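> Fold the following.
(one chain, ligands or ions: 1)
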Amino acid sequence: MRSKKVTKAVFPVAGLGTRFLPATKSIPKEIMTLVDRPLIQYAIDEARAAGIKEFIFVTSRGKSALEDYFDTAPELESELRRKNKTELLEVLKATNMDSGAIAYLRQNRPMGLGHAVWCARRLIGDEPFAVLLPDDVIAAEKPCLAQMVEAYEETGGCMVATMEVPPAKASAYGVLDIDEDMGSVVKARGMVEKPKAEEAPSNLAVIGRYILSPKVMTNLNRMKQGAGGEIQLTDAIADEVEGEGVYGFRFRGMRYDCGSKAGFLQATVAFGLSRPDLRDEFSAYLDEMVAQSRAAE
Ligand code: G1P
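Next up, the predicted model:
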């Protein structure tokens, strides 16, 4: 099957980020940095690598720092040019988005992930689209969304990134009910948002990367309340099980839950160690810390 090209992506960034208070009192959590790049930059780069051309941000009050981040910074640029700091100038330019490539929409009330995505319905129109949750940072040789686009060309329908989680943790995720397991691709017969641990249909959890049919927007029009009284994206996707089909994709890579403090710290260590300019100094420091704590035991 040849599916329609996916060129639009929705980034739901309206959340309050209360888990990171007080930091998020005045900065959006998506601006928090992993090493030296804000979380949102990782998601944007991953989307670009998968062929996305239109970036739709669903924001809320207090998120204007995100808009500034993707704008040009003329004073900063001319200062760097004057000082001949070409490398930094390139780093800066890589964050600029072309005029018209990025759109910001406001979700004026927090009504759930499904509702946030639904806010983008008019910009999506009748095309398949991607959704990226910037809290989920995925380190991979081939970026996760690009892997999914390739698999999606064969399956069509709706595709969600998925990975095995310990059964006790399933209740923190959307969980797939497996119809047919084909290895990297899994056909689902259902999907449940945040099931009780004993009621989870499998231990295959949904991770924040999606390629969705525009039918999901139509399903969201029904504004059906789901888990936690919120309008859940999972439910609107599950409605396509009998329709165009729902597939889980076991991506190759390591996912970090940067929506949690422990996950953010793990990602910081992993990304720090993977950076050629920091690796040696940082890993020597970590070795020393481990040795010291062993000696203290
Ligand atoms: C959201 C989705 C959930 C998914 C998770 C992945 O939940 O609703 O289905 O498994 O992202 O990170 P949240 O983490 O926003 O509660």
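> who's in contact with the residue of the stretch 101-250 of the chain found nearest the ligand?
Ranking the residues of the stretch 101-250 of the chain by distance to the ligand (CB to the nearest ligand atom) places G174 first, at 2.6 Å. For the C-beta atoms, the positions are set from N, CA and C on the backbone; glycine is no exception. With contact set as CB atoms under 8 Å, 6 or more residues apart in numbering, G174 has these partners: V160, M191, V192, E193, K194, A205, V206, Q232, L233, T234.
> can you do 10 Å?
Shown in contact with G174 (CB atoms under 10 Å, 6 or more residues apart in numbering): 113, 160, 162, 191-195, 204-208, 210, 227, 232-235, 237-238.
> Just the buried positions in stretch 98-114, please.
For stretch 98-114, burial by neighbour count (16 or more other CB atoms under 10 Å) applies to I102, Y104, L105, Q107, M111, G112, L113, G114.
> from those, which single one is nearest T268?
T268 lies nearest to L113 out of those, by CB to CB, at 25.3 Å.
> Near the residue nearest to that closest one when sequence neighbours are not counted, how many other residues are there?
Spatially, and ignoring its direct neighbours in sequence, L113 is nearest to L233 (4.6 Å; CB to CB, 6 or more residues apart in numbering). Neighbourhood size, L233 [other CB atoms under 10 Å]: 31.
> what's L233 in contact with, if anything?
So L233 contacts 10, 12, 112-118, 131, 133, 160, 174, 191, 193, 206, 208, 210, 212, 216, 219-220, 226 (CB under 10 Å, 6+ apart).
> Show only the entries of the contacts of G174 found in strands.
V160, T162, M191, V192, E193, L204, A205, V206, I207, G208, Y210 (DSSP state E).
> so the second one bridges to which residues?
What that stands for is T162. Judged by DSSP bridges, the bridge partners of T162 are V206, R250.
> And it, what's its pLDDT?
Here the pLDDT value assigned to T162 is 98.
> That one contacts D177, correct?
No - with contact defined as CB atoms under 10 Å, T162 does not reach D177; the gap is 11.9 Å.
> okay, and the common contacts of these two?
A188, M191, S202, L204.
> Return the residues in contact with the second one.
Spelled out, that is M191. 158, 160, 162, 174-177, 201, 204, 206, 232-241, 246, 248.
> rewinding a little: which of the shared contacts of T162 and D177 are buried?
The buried subset of those (16+ other CB under 10 Å) comprises A188, M191, S202, L204.
> ok, which of these also contact the ligand?
Checked against the ligand using CB under 6 Å from any ligand atom, those give no members in range.
> Put together TSV for those residues, with distance to I56 on each row.
Converted to TSV, these look like this (distance: CB to CB, whole Å):
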residue	distance to I56
A188	26
M191	23
S202	31
L204	28
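> Mind putting those residues into a markdown table with pLDDT?
Listed next are the buried ones among the shared contacts of T162 and D177 as a markdown table, based on pLDDT from 0 to 100:
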| residue | pLDDT |
| --- | --- |
| A188 | 97 |
| M191 | 97 |
| S202 | 95 |
| L204 | 97 |
